[in-house]
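Student: From the sequence below, what's the structure:
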Amino acid sequence: GRWASQIAHVLRGKHKPTYAPHMDMGDHIVVINASKVHVTGRKAEQKVYYRHTGHPGGLKTTPFERVLAEHPDRIIKKAVWGMLPNNSLGRKMFRKLRVYGGAEHGHAAQQPKTLDL
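Tutor: Next up is the predicted model:
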């Protein structure tokens, strides 16, 4: 939650003095160690992700713990996705986000800077 809101803030470019809501001014972000995400309270046991197939009775549920074990990157991606605008500009901003479950990533050549969140 807190991480996702700060990531969305940087993806939108709101941290820059030249921010304009109609332009994509955000930076690219690479998140590592997504498998070490921590949630407070009993959310780890109680949180459930929902999706619908589009067919009658097609509501599918996936518990948080299962998503964390199988696809830890999707937890952060889904949280950030919900905090970006729901239009073509938001989709463009979302493409600048890369999330990795471990510490290894293929973006060392771009010389990424550490962002303390």
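Student: Quick check: K92 vs M25, distance?
Tutor: Look at K92 and M25: by Cβ to Cβ, to the nearest Å, they are 11 Å apart. Using the backbone N, CA and C atoms, a C-beta is placed for each residue, glycine as well.
Student: what residues are up against the one residue sitting closest to the centre of the chain?
Tutor: Geometric centre of the chain, nearest residue: K77, 2.7 Å, by Cα atoms, centre = their mean. The neighbourhood of K77, defined by Cβ atoms under 8 Å, 6 or more residues apart in numbering, consists of L97, V99.
Student: Q6 too?
Tutor: L117.
Student: And the strands in the protein?
Tutor: 29-31, 48-52, 59-63, 97-99 (DSSP state E).
Student: The last one pairs with which strands, parallel or anti?
Tutor: Sheet neighbours of strand 97-99, with direction, are listed as strand 29-31 (parallel) (DSSP bridges).
Student: Could you list the buried residues of the strand it pairs with?
Tutor: Using 16 or more other Cβ atoms under 10 Å as the test for burial, strand 29-31 gives I29, V30, V31.
Student: Among those residues, which one lies nearest to H105?
Tutor: V30 (5.7 Å; Cβ to Cβ).
Student: Can you give me the separation between that closest one and T114?
Tutor: 10 Å.
Student: partner residues bridging R98?
Tutor: V30.
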